[in-house]
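1. would you be able to build a 3D model of this:
(chains A and B)
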Amino acid sequence: KQEVTQIPAALSVPEGENLVLNCSFTDSAIYNLQWFRQDPGKGLTSLLLIQSSQREQTSGRLNASLDKSSGRSTLYIAASQPGDSATYLCAVNDHGSSNTGKLIFGQGTTLQVKP
Amino acid sequence: KAGVTQTPRYLIKTRGQQVTLSCSPISGHRSVSWYQQTPGQGLQFLFEYFSETQRNKGNFPGRFSGRQFSNSRSEMNVSTLELGDSALYLCASSFLGGGTDTQYFGPGTRLTVL
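-> Next up, the predicted model:
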């Protein structure tokens, strides 16, 4: 059974810092891994999608990497800003889902960027 | 292009009642998935519909059901509500719902059961 873990659970950094959020999964047989952002009481915003055949994806100040063999992904945020404060969730679509829309989520990392 | 919409945004019900939540996917998307989010359990998959057929189901009791219409809009129903059903219910849509697709989420419906 696939399990997704995110470390740390919470992170507080001063504005301008570069930071890394970690995500690990137990079964490497995945179709893709997706990073989301959730603001308090709101829905999820998709940040990056990495296919199983890819090693990384970049969007603006965000860079996500994927190492399937070790069951790990990292989300790198460059030059953090107070507006980046939110909960970041990673989710995998794995072969146990039979290539459907089912995602398995980690518990998230809550990020606070202080001005 | 309009995003995923969910109605209503907030609901208050009492134990034993039933509730129906609605989700309209992004135009052209045929897969709709539903998730329950609680502080203790996080985000958990409920079910997915594709072309009006339930294609995958999570580990929830039969009180949770859903359906999809020919225009891809989806509804989920919870019967005989329990206090533990209080949660944020999120739906997500994607073009095919497979491993190559990005999932786009709606703003959610906040259900409170008293």
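2. now do the SS call for the residue of chain A at minimum distance from chain B.
-> Going by Cβ to the nearest Cβ, chain B is nearest to residue A:31 of chain A, at 2.4 Å. Heads up, the C-betas are built off the backbone N, CA and C, glycines and all. Secondary structure assignment for residue A:31 (DSSP: H, G, I helix; E, B strand; the rest coil): strand.
3. how far away is it from residue A:47?
-> 18 Å (Cβ to Cβ, to the nearest Å).
4. need the contact list for the residue nearest the centre of chain B.
-> The centroid of chain B falls nearest to residue B:34 when counting by Cα atoms, centre = their mean (3.2 Å). Counting by Cβ atoms under 8 Å, 6 or more residues apart in numbering or on different chains, residue B:34 makes contact with B:23, B:45, B:46, B:47, B:48, B:66, B:74, B:76, B:89, B:90, B:91, B:92.
5. okay if I get these as CSV plus pLDDT and neighbour count?
-> CSV is the format used below for the contacts of residue B:34 (pLDDT from 0 to 100; neighbours: other Cβ atoms under 10 Å in any protein chain shown):
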residue, pLDDT, neighbour count
B:23, 98, 27
B:45, 95, 23
B:46, 96, 22
B:47, 93, 24
B:48, 93, 28
B:66, 97, 22
B:74, 98, 25
B:76, 98, 22
B:89, 98, 23
B:90, 97, 24
B:91, 96, 31
B:92, 95, 30
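6. how about the residues you listed in JSON lines, adding distance to chain A?
-> Output for the contacts of residue B:34, formatted as JSON lines (distance: Cβ to the nearest Cβ, whole Å):
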{"residue": "B:23", "distance to chain A": "11"}
{"residue": "B:45", "distance to chain A": "5"}
{"residue": "B:46", "distance to chain A": "10"}
{"residue": "B:47", "distance to chain A": "9"}
{"residue": "B:48", "distance to chain A": "4"}
{"residue": "B:66", "distance to chain A": "13"}
{"residue": "B:74", "distance to chain A": "11"}
{"residue": "B:76", "distance to chain A": "14"}
{"residue": "B:89", "distance to chain A": "10"}
{"residue": "B:90", "distance to chain A": "6"}
{"residue": "B:91", "distance to chain A": "9"}
{"residue": "B:92", "distance to chain A": "7"}
